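# Need the 3D shape of this:
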Amino acid sequence: MEEKIVSLKEKGLTLKQIAEQLDMPIGKVQYAWRKWRAQHGDVTAATAAPTRKAEGKKQMKSSKKATKSKS
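This is a model prediction of the structure:
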């Protein structure tokens, strides 16, 4: 099962598309994908860099502080 998921992921499919194609729940596909990556030592970009959502919050906070200090 993991081999099928990995081969489809290498072709560029999303986990949702893989789940639909293999007729499996998305949770099982996610679990198998994470398990395979953990065994093979893959590091995701998400762990290396903050997400856009977090960056946006930082920018909003800093802009609010900047407007307060100008007043």
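
# what stretches of the chain score poorly on pLDDT?
Within the chain, the segments meeting pLDDT under 70 span 42-71.

# Distance-wise, check I26 relative to G41.
As judged by C-beta to C-beta, to the nearest Å, I26 and G41 stand 24 Å apart. The way it works is simple: take the backbone N, C-alpha and C, and place the C-beta from them, glycine included.

# Please report phi then psi for T14.
In terms of degrees, to the nearest 10, the main-chain angles of T14 are phi -80, psi 170.

# what do you get for M24?
According to degrees, to the nearest 10, M24 has phi -130, psi 160.

# burial of it, as a residue count?
15 (other C-beta atoms under 10 Å).

# A32 too?
20.

# buried set for stretch 1-15?
Residues of stretch 1-15 classed as buried by neighbour count (16 or more other C-beta atoms under 10 Å): 5-6, 8-9, 15.

# picking up where we left off before, which of I26 and G41 has more neighbours?
Each of I26 and G41 has its neighbours counted (other C-beta under 10 Å); I26 has more, 13 against 6.

# List the contacts of the more buried one.
When contacts are counted by C-beta atoms under 8 Å, 6 or more residues apart in numbering, I26 touches 15-16, 19.

# Turn these into JSON lines, including secondary structure and distance to M1.
As requested, those are exported to JSON lines (DSSP: H, G, I helix; E, B strand; the rest coil; distance: C-beta to C-beta, whole Å):
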{"residue": "L15", "secondary structure": "helix", "distance to M1": "13"}
{"residue": "K16", "secondary structure": "helix", "distance to M1": "17"}
{"residue": "A19", "secondary structure": "helix", "distance to M1": "12"}
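
# Between these, which sits nearest Q30?
Nearest to Q30 out of the contacts of I26 is L15 (C-beta to C-beta; 5.7 Å).

# Apart from its neighbours in sequence, what residue is nearest that closest one?
Leaving aside its sequence neighbours, L15 sits nearest to V29 (C-beta to C-beta, 6 or more residues apart in numbering; 5.1 Å).

# The one you found: what secondary structure?
At V29 the chain is in helix, as set by DSSP: H, G, I helix; E, B strand; the rest coil.
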